[in-house]
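Novice: quick one, what's the 3D model for this:
(2 chains)
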Amino acid sequence: MVLELARPRPIWQIMFSTHHTDVALLYTITSLAFLFMGGVLALTLRAELFAPGPQIIPDSITFNRIFTVHGTTMLFLFAIPFASGIGNYLVPIMVRYKDMAYPKLNAIAFWMIPVGAALVWLGFSDVSWTAYAPYSVIRAPGPAADMWIFGLKIVGISSVLSSINFVVTIMKCKHPDLPLSKVPLFAWSMLVISLMTIVAIPTFAAALLMMLTDRLGVSGFFNPAMGGDPIAYQHLFWFTFHPEVYIFILPAIGMMYEIIPRFSRKPLYSQASGVFAFVMLAIIGFASWGHHMFATGMSFTEKTVFMIGTLAAVPASGMHVFNYLATMWGGRIRFDAPMKFAVGGIALFFSAGAGGVLNTAMPLDFITHDTYWVVGHMHLFLTGTIAFGFVAFTYYLFPFITGRMYNRKLADYHFITMFAGTVMVFFTQHLLGLYGMPRRVFDYPPFPAWIAMNEFATIGAFILGSGMLAFLINLIYSSAKGKEANMDDPFGLGGKYYYPVSAKTPHHTGY
Amino acid sequence: MGHDTAEWVYVGVICGILAWVGADSWYVEKLVDDVPKDAEVIKVTAQQWFWTFEHKDGTKEVGQLHLKKGQPYKFEITSKDVNHAFNMPDWVIMQDAIPGRINKAWFVPDQVGEFPIQCREYCGLLHYNMRGTLYIEDNK
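Specialist: Residues are numbered from 1 along each chain as shown, chains lettered A, B, ... in the order given. Predicted coordinates for the structure are as follows:
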């Protein structure tokens, strides 16, 4: 494996490389940069909502633009590229191949992300990350909305290309002695999400084009005056993005499967159950998109079908939680930063999943839909599970990538503040939703309960933000000045560290 | 490796809870979907960024709605421009207002007072301020 900073190279050698670890480093650093950029936007939003009346954002259009870019950044420029980055590091090693199947395609897929990101950030559109028609068609100001469309188009193509690469690497380049059932669960999660991406993304790609031609005035796909239907957009959108929810979350689940057995110093409870749950989620994930649209005037039968489809996905998620707990049961657990974040992530995953069951119960959905409950619910998945898993794995791979150890005190501070902050912000937002506060609002009337909960959530957000600042400092400082890690066993777990053979004898030594 | 009894029991308990949640929501939603025959129709029209209500007798109100206690009402909700959502959080009335469609919701006010009406679907610049007031008066 690469010890990036132990063997310094000029940056252009990494940028123009097609080697999987170099592309992985580019993906990882880019996505973490977007995590911090998106985080700054989130803190701006929370500061604005601290009290009724304008606080720090001058007008509502700026607020709308900020939450649009915050959502787009976190989902498409942080969550997806980060999973691709870690996948690039580990999937070839896990299937015992020298590189990804198509190294050049891999580099191309990465380099499309900065282009898409530039369009999204320079446009700074206000369509919200869902970009529901007809607002995005007839009212959203251009060229920002058009830049958003093209930016997402490019990011979507990038994720399809990298998915093709992962599928081929795992299915075709796997070592012949390694049966698919024995491939580690993180690689399984990458295989499953890659297949899901290939099936799901084209629908949204079509919706984006239809939205573009509608905006140009040459078609009326989503315009009732021209025989179109705004609901059609929502179906196309959620057919992509409900499966996409699992595409975001499964890599984090896979990363926890890497961390938990090692830090519990016990073998995984059941590989078969993990694989089964991944495949189940991948299939059932396509049968539940309509639960985002209960309030659009769906018939009773439609609502029932999508409710059943959604409930059916829950046991598979529950099996992952069981698998983690059964692995930890009776183990000699070492609570280093990766394990702390993984266990914290599991606790929050369970809470988020329980909240999700309430959302899908049809009558309750009309209480929670489009309120702050939904904001809290999806952030409990996105921050509480996905970001926790990703942060855990960043700490876990840190010695692997840099040859140095992160600062443990800063990492502990990061864990405590991030966990407390996540609970303070997102649990509170659930309650705020039950009190009826709509999401995506720049300002709110001075109801005492709303003010109190918004203040509490904003304080929590800044506590969370201080933890992320400690994370950033830790990453930069420790990769340059951190203590040298013992590369055989950096976490003192007694066993061997990660695939040490390939770490010491990389397949590609020159470029 | 493989499943053992504990995992099957655990998965079974989860499935049981889900079946109960599903069956109960199915039952409640069926009741909620059934509009009473004697409900009075109120036409609700959303546009950026205010609400218009039209009563049975043709009188229109903008931004406020006066209803009588004890009388069932059925809302026929639509929009003139972009998607909105007609929401009275205190009465759990929540339906999207979508151009080209008429969505339905109903309720029977059983309490007098003033209650907020708001838009719950992002609709642009003044979405946060697309609010109204519901006045429920005694039916005398």
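Novice: return the helix or strand in chain A with minimum mean pLDDT.
Specialist: helix A:500-504 (a mean of 41; mean pLDDT, DSSP states H and E).
Novice: okay, residue A:1: pLDDT?
Specialist: Residue A:1 carries a pLDDT score of 45 in this model.
Novice: and residue A:253, by the same measure?
Specialist: Looking at residue A:253, its pLDDT is 96.
Novice: quick one: the spatially closest residue to it that is not a sequence neighbour from chain B, how far?
Specialist: Spatial nearest neighbour of residue A:253, chain neighbours left out: residue A:320 (5.4 Å); criterion: CB to CB, 6 or more residues apart in numbering or on different chains. Every C-beta, even on glycine, is put in place using the N, C-alpha and C of the backbone. From residue A:320 over to chain B the distance is 11 Å, taken as CB to the nearest CB, to the nearest Å.
Novice: next one: residue A:435
Specialist: Residue A:435 sits at a distance of 8 Å from chain B (criterion: CB to the nearest CB).
Novice: now residue A:86
Specialist: Between residue A:86 and chain B the distance, using CB to the nearest CB, works out to 26 Å.
Novice: residue contacts, the most centrally placed residue in chain A?
Specialist: With distances taken as CA atoms, centre = their mean, chain A has residue A:79 as the residue nearest its mean C-alpha position (3.0 Å). Applying CB atoms under 8 Å, 6 or more residues apart in numbering or on different chains, one finds that residue A:79 lies in contact with A:31, A:248, A:382, A:386, A:390.
Novice: after the host helix or strand of the first one, which helix or strand is next?
Specialist: Assigned by DSSP states H and E, residue A:31 falls within helix A:20-48. With elements assigned by DSSP H and E, the helix or strand that comes after helix A:20-48 is helix A:60-72.
Novice: list the contacts of that next one.
Specialist: The set of residues external to helix A:60-72 that reach it, using CB under 8 Å, 6+ apart, is A:38, A:41-42, A:44-45, A:48, A:57, A:120-121, A:124-129, A:144, A:148, A:151-152, A:440, A:442-443, B:122, B:124-128.
Novice: of those, grab the buried ones for ChimeraX.
Specialist: Per 16 or more other CB atoms under 10 Å in any protein chain shown, the buried members of the contacts of helix A:60-72 correspond to this ChimeraX selection:
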select /A:38,41,42,44,45,48,57,120,121,125,126,127,128,129,144,148,151,152,440,442,443 /B:122,124,125,126,127,128
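Novice: I figured residue A:490 hits residue A:405, correct?
Specialist: Yes: the pair residue A:490 and residue A:405 passes the contact test of CB atoms under 8 Å, sitting 6.2 Å apart.
Novice: which neighbours do the two share?
Specialist: Between them, residue A:490 and residue A:405 have residue A:399 as joint contacts when contacts are counted by CB under 8 Å, 6+ apart.
Novice: what about those two, which has more around it?
Specialist: Legend: neighbour count by other CB atoms under 10 Å in any protein chain shown for residue A:490 and residue A:405, higher for residue A:490 (21 against 18).
Novice: what is the lowest-mean-pLDDT helix or strand in chain B packed up against?
Specialist: Per-element confidence for chain B was summarised using mean pLDDT, DSSP H and E. The lowest value among helices and strands belongs to helix B:5-33, with a mean of 91. Here helix B:5-33 is seen to pack against helix A:300-312, helix A:314-328, helix A:337-360, helix A:362-368 when contacts are counted using 3 or more CB pairs under 8 Å, 6 or more residues apart in numbering or on different chains; DSSP states H and E.
Novice: ok, is the next helix or strand after it in contact with chain A or not?
Specialist: Scanning forward in sequence from helix B:5-33, with DSSP H and E defining helices and strands, the next element found is strand B:40-47. No: under the criterion of CB under 8 Å from any CB of the partner chain, chain A is not reached by strand B:40-47; the shortest gap measures 11.3 Å.
Novice: partner strands of the helix or strand following strand B:40-47 and their direction?
Specialist: Taking DSSP H and E as the definition, the helix or strand that follows strand B:40-47 towards the C-terminus is strand B:50-54. According to DSSP bridges, strand B:50-54 forms sheet pairs with strand B:40-47 (antiparallel), strand B:60-62 (antiparallel).
Novice: now strand B:50-54 - C-alpha only, PDB.
Specialist: Taking only C-alpha atoms (Å, rounded to 0.1, in the frame of the first residue of the first chain), the coordinates of strand B:50-54 have been written out as PDB:
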ATOM      1  CA  PHE B  50     -50.700  33.000  -0.600                       C
ATOM      2  CA  TRP B  51     -53.800  30.900  -0.100                       C
ATOM      3  CA  THR B  52     -57.300  31.500  -1.600                       C
ATOM      4  CA  PHE B  53     -60.300  29.700  -0.100                       C
ATOM      5  CA  GLU B  54     -63.700  29.500  -1.900                       C
END
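Novice: OK, contacts around residue A:78?
Specialist: Taking CB under 8 Å, 6+ apart as the definition of contact, the neighbours of residue A:78 are A:31, A:32, A:34, A:35, A:38.
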